[in-house]
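Q: I would like the atomic coordinates for the input below:
(chains A and B)
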Amino acid sequence: MIPLNYYLLFAAFLFSVGVVGVLIRRNAIIVFMCIELMLNSVNLTFIAFSAFMGNAIGQMFVFFVMTVAAAEAAVGLAIIIALFRNKKTINIDQINLLKW
Amino acid sequence: MLNLYDYIFYFFAIVILGSSFVVVFSRNIVHSAFALLFTFFGVAGFYVLLSADFLAITQLLVYVGGILVLLLFGVMLTNNIVNVEIKSGTMQTLPASLIAALIAGLLCGIFYVSNWYLVPTTPELLNNTTAVAIGYAFITTWILPFEVASVVLLVAMIGAVIIARREKAPEVE
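A: Take a look at the predicted model:
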């Protein structure tokens, strides 16, 4: 049996990979993928705790996280497509409409 | 002393780590999207290992069937595949890796130092399907968040349609 710590450390590592991606990539869609990676690692943590506590509530929270992830992907991609239509780029360096 | 369970764990761990690195560091955005597919599959495998069978299926349906397809549509709509504009660069690598190392160290430290409450014997949850427990929790104690989540999905769907819709097309283009 794999101990709980292995799952937790693995999830922490996956989260950090997602953080690196969000920070270093310029393409907005790849930033999106990395956010999904981070959400997945959080879900993994929830489920690991749930399994090792013998309690299903943690798995229920994962459903809420998935709901928000789906909503976020839909709205975010809509925003990206609208931006691309207006500015012909999804490079986040060049999307600075709100920058003063 | 490794048994089959451990081998499966390490197999999925390697799959997830490798494909997540491809997601982050690949120069080709389509490669990133397909590597994300393997990451989602590997995470679903972990869910099965943790006896969350119902969630593993949901992960495949929602992430692989929904979000990944949506992302691929985004890739197709925002990159001119004909041009070689599909590549995308990186920036600020040093501060980013510093911040990420800080976060990783913090998380690992918390996970190691904390004294988690664990069920000493094999949990009952591991022996039967989890769908019953989840469904029971959803329609009793947590019914309000459940309904709110459905409203969130509806609003997000309407909002996405409104944002992405092309208005008075001819002037752009």
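
Q: just give me the residue right at the centre of chain B.
A: The residue lying closest to the centre of chain B (C-alpha atoms, centre = their mean) is B:F40, at 5.9 Å.

Q: following element in sequence after the helix or strand hosting A:F49, please.
A: A:F49 is located in helix A:28-53, with elements delineated by DSSP states H and E. Next along the chain after helix A:28-53, taking DSSP H and E as the criterion, comes helix A:57-87.

Q: so which elements touch that following helix?
A: helix A:28-53, helix B:53-59, helix B:68-78, helix B:131-139, helix B:143-164 (3 or more C-beta pairs under 8 Å, 6 or more residues apart in numbering or on different chains; DSSP states H and E). (Glycine included, C-beta is placed from N, CA and C.)

Q: looking at those helices, which is closest to A:V68?
A: helix B:143-164 (7.0 Å; C-beta to C-beta).

Q: so is the closest one next to chain A?
A: Yes - using C-beta under 8 Å from any C-beta of the partner chain, helix B:143-164 reaches chain A at B:145, B:149, B:152-153, B:155-157, B:159-161, B:163-164.

Q: quick one: buried ones out of the residues you listed?
A: Taking 16 or more other C-beta atoms under 10 Å in any protein chain shown as the criterion, what is buried in the residues of helix B:143-164 next to chain A is B:149, B:152, B:156, B:160, B:163-164.

Q: would JSON lines of these with pLDDT be doable?
A: Formatted as JSON lines, these follow (pLDDT from 0 to 100):
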{"residue": "B:A149", "pLDDT": "93"}
{"residue": "B:V152", "pLDDT": "94"}
{"residue": "B:A156", "pLDDT": "94"}
{"residue": "B:A160", "pLDDT": "92"}
{"residue": "B:I163", "pLDDT": "89"}
{"residue": "B:A164", "pLDDT": "84"}
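
Q: any idea how far chain A is from B:W142?
A: Between B:W142 and chain A the distance is 6 Å, computed by C-beta to the nearest C-beta, to the nearest Å.

Q: what sits against that residue?
A: A:M60 (C-beta atoms under 8 Å, 6 or more residues apart in numbering or on different chains).

Q: quick check on it: phi, psi?
A: Main-chain torsions, B:W142, degrees, to the nearest 10: phi -110, psi 30.

Q: point out where chain B drops to low pLDDT.
A: For chain B, the stretches with pLDDT under 70 are B:1, B:80-90, B:119-128, B:167-173.

Q: go again using 80 as the cut-off
A: For chain B, applying pLDDT under 80 flags the ranges B:1-2, B:78-92, B:116-129, B:166-173.

Q: per-domain residue ranges of it.
A: B:1-84, B:123-167 (automatic domain parsing).

Q: could you dump those domains to CSV with distance to B:G109?
A: Below are the domains of chain B laid out as CSV (distance: least, C-beta to C-beta, whole Å):
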stretch, distance to B:G109
domain B:1-84, 20
domain B:123-167, 27
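
Q: per-residue confidence at A:A73?
A: On pLDDT, A:A73 comes in at 92.

Q: that one: how many residues sit nearby?
A: 25 (other C-beta atoms under 10 Å in any protein chain shown).

Q: please name the nearest non-neighbouring residue to it.
A: B:I67 (4.6 Å; C-beta to C-beta, 6 or more residues apart in numbering or on different chains).

Q: could you do A:L83 as well?
A: The shortest distance from A:L83 to any residue other than its chain neighbours is 6.0 Å, reached at A:I95 (C-beta to C-beta, 6+ apart).

Q: one more: B:F38?
A: Nearest non-adjacent residue to B:F38, counting by C-beta to C-beta, 6+ apart: B:S19, 3.9 Å away.

Q: wait, that neighbour touches B:A35, no?
A: Yes - assessed by C-beta atoms under 8 Å, B:S19 is found in contact with B:A35 at 4.3 Å.

Q: what's the spacing between the residue nearest to B:F38 and A:L37?
A: B:S19 sits 10 Å away from A:L37, going by C-beta to C-beta, to the nearest Å.
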